[in-house]
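Novice: Sequence first, then the predicted structure, then my questions.
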Amino acid sequence: MQLSLQVLAADEQAQIHERTLEVLSRHGVRVDTALGRRLLGEAGAAVDEATRIVRFPPALVAEALRLAPKRFSLGGRRDGWEHPLNAGRLTLLNDGGATTVIDRDTGERRAPVHADWLAATRLLDHYDDVGLYWCATDFPEEHETPAGWVSYMTEAFRVFGKHVQESVGDPSLAPWLMEALEIVFGSREELRRRNPFSFLITPASPLVIEADYTGTWLAIRELGLPVAVMPMPLMGATAPGSRLATLLTANCEVLATLCLVQVAAPGTPFIYAPVIATMHPRTGRYAGGDIAHAILSAAGTEMARYYGLPVEASGCGTDHYVPCVQAAYEKAETGLLATLPWPDILCGPGLLAGALVLSLEQLVLDIEMFRMARFARTGMPVSEELWLDDVLERVAPGGTFIGEPSTRRNARGGEWYLSDFGLHDSYEAWQAAGAPDTLEAARARVDEILAAHEDEPYPDEVQRALDDLVERARRAG
């Protein structure tokens with residue numbers, strides 16, 4: 001039997017849905033894009049242009065839920081790689097946008113440079129546990145220009161071969177994004193077949209569908225690529241001061257945006273992806289390592305499953321600024337609770353200090369913790385060949401099972417979690433190896449991976465087309 005976690009009973013999930021419909025129909029959501037308001041009004045929503053408040057009738061929500069595909073796959077540039085959603089599989093998405101990094105030579109915090117971005121992206125590409133990619137470090141200013149954005153996107157797909165999920169808040173960059181994707185993947189038909197890119201829309205809590213990022217998606221919606229909707233309500237700050245009300249706020253924001261997406265481009269693949277978080281009551285800061293964040297994340301996964309939608313959850317956070325004991329226990333507990341409900345995608349590894357600080361060593365540690373959490377979910381498999389009562393009878397009281405074929409077979413067959421990382425030997429063996437600590441082992445693992453990594457170059461004709469696009473973007477920008 002698999003290990004499971006339940007936060008909300010079935011009737012409680014239904015209550016959240018009914019209250020969501022009431023909030024959306026009576027109070028509404030502010031929609032800051034004029035095109036979005038027009039499309040929603042044409043679909044039957046009540047629009048107040050003076051306040052930009054849009055009220056959603058329950059029938060509109062029901063139709064949007066009906067139109068959203070429940071099963072689809074995310075692909076990438078790497079041939080043969082895909083991640084099917086709502087198919088019982090879970091992959092990681094690195095946390096992104098770090099504003100500082102821990103320098104691997106000095107151990108000090110500093111601003112990120114391109115070499116940090118490149119090393120993190122290569123490390124993430126190495127791990128098959130990580131199927132989705134966000135820009136690991138904060139965007140430099142040049143990314144906000146056409147040439148900078150095209151250069152970033154093309155380099156991201158050259159280094160990371162799996163799925164890229166990104167967002168851009170300047171709708172004027174939409175044509176450049178579309179052309180870059182078409183060049184990299186050959187055609188719009190191939191883009192739709194592979195789904196190598198998904199667009200992230202982030203409603204502003206409380207209850208605002210903002211204009212810029214939503215406007216960019218509206219400008220590229222004809223591509224038919226998946227959309228992930230990620231409001232970030234903060235309990236007690238941008239959401240009311242209870243876990244239940246914060247979950248309700250997130251659900252309203254996701255479903256309101258779902259309605260906009262489905263009236264603008266019916267049938268668009270949609271991912272339910274809120275980051276439902278808490279502030280620290282004594283400081284007002286985002287509490288990345290708060291256990292309540294993990295509980296809210298698990299509840300969000302349950303609500304996505306209530307609607308039958310694919311889900312992108314968050315966990316593996318910490319408030320601490322360096323890899324340490326606090327970071328370890330906060331990341332382990334929040335990562336485990338977010339994993340057990342089994343979302344399709346789990347965001348969180350790699351960053352510290354509420355997603356502000358990048359540490360490559362922490363990324364290695366986080367992936368190891370994720371692997372343990374994934375194993376924990378296997379729970380207690382029950383099958384006839386696992387009872388081993390005949391072995392118990394044959395060995396007899398006082399015997400040993402070390403030499404039994406079933407022990408050897410099951411050691412390789414999934415009854416043990418066999419890690420290739422960390423200390424799992426005697427004190428003497430550890431001393432003989434120089435008594436390395438776990439962080440040193442993670443640093444050595446990073447060095448080993450980066451030394452062996454090879455990017456996937458573009459074919460010559462694709463590279464020439466991308467170089468031409470960058471040059472045209474530079475002249476335009």
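Specialist: Perfect, I can see it now.

Novice: how far does the lengthiest helix in the chain sit from the chain's center?
Specialist: Using DSSP state H to define each element, the chain has its longest helix at helix 243-264. Here the centre of helix 243-264 is set off from its chain's centre by 18 Å, with C-alpha atoms, centre = their mean, to the nearest Å.

Novice: ok, then the element right after it?
Specialist: As assigned by DSSP states H and E, the chain's next helix or strand after helix 243-264 is strand 270-272.

Novice: Who are the packing partners of that next one?
Specialist: If contacts are counted by 3 or more C-beta pairs under 8 Å, 6 or more residues apart in numbering; DSSP states H and E, strand 270-272 sits against strand 227-229, helix 243-264, helix 291-307. In short, each C-beta sits where N, CA and C put it, glycine included.

Novice: now the strands for the stretch 251-400 of the chain?
Specialist: Here the stretch 251-400 of the chain has its strands, by DSSP state E, counting those that start in this stretch, at 270-272, 277-278, 312-314, 345-347, 351-352, 357-358.

Novice: Contacts for the last one next, please.
Specialist: I take that to be strand 357-358. 98-102, 109, 112, 116, 120, 136-137, 321-322, 350-352 (C-beta atoms under 8 Å, 6 or more residues apart in numbering).

Novice: Repeat the analysis, applying 7 Å as the threshold.
Specialist: For strand 357-358, contacts defined as C-beta atoms under 7 Å, 6 or more residues apart in numbering pick out 98, 100-102, 109, 112, 116, 120, 136-137, 321, 350-351.

Novice: Wait, residue 474 touches residue 145, no?
Specialist: No: counting by C-beta atoms under 7 Å, residue 474 stays clear of residue 145, with 8.0 Å between them.

Novice: of the two, who's got more company?
Specialist: Each of residue 474 and residue 145 has its neighbours counted (other C-beta atoms under 10 Å); residue 145 has more, 17 against 14.

Novice: can you count the residues close to the residue lying closest to that one once chain neighbours are set aside?
Specialist: Excluding the flanking residues, the one nearest residue 145 by C-beta to C-beta, 6 or more residues apart in numbering is residue 477, at 4.1 Å. By the criterion of other C-beta under 10 Å, residue 477 has 16 neighbours.

Novice: about what we covered before: for the helices and strands packed on strand 270-272, give me a markdown table that also has distance to residue 193, mean pLDDT and mean neighbour count.
Specialist: Shown next, in a markdown table, are those (distance: least, C-beta to C-beta, whole Å; pLDDT from 0 to 100; neighbours: other C-beta atoms under 10 Å):
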| stretch | distance to residue 193 | mean pLDDT | mean neighbour count |
| --- | --- | --- | --- |
| strand 227-229 | 17 | 98 | 26 |
| helix 243-264 | 20 | 98 | 25 |
| helix 291-307 | 25 | 97 | 23 |
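
Novice: Tabulate these (TSV), appending distance to residue 17.
Specialist: Converted to TSV, the helices and strands packed on strand 270-272 look like this (distance: least, C-beta to C-beta, whole Å):
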stretch	distance to residue 17
strand 227-229	16
helix 243-264	8
helix 291-307	7
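
Novice: Go through these and name the closest to residue 236.
Specialist: For the helices and strands packed on strand 270-272, the distance to residue 236 is smallest for helix 243-264, at 8.2 Å, taking C-beta to C-beta.
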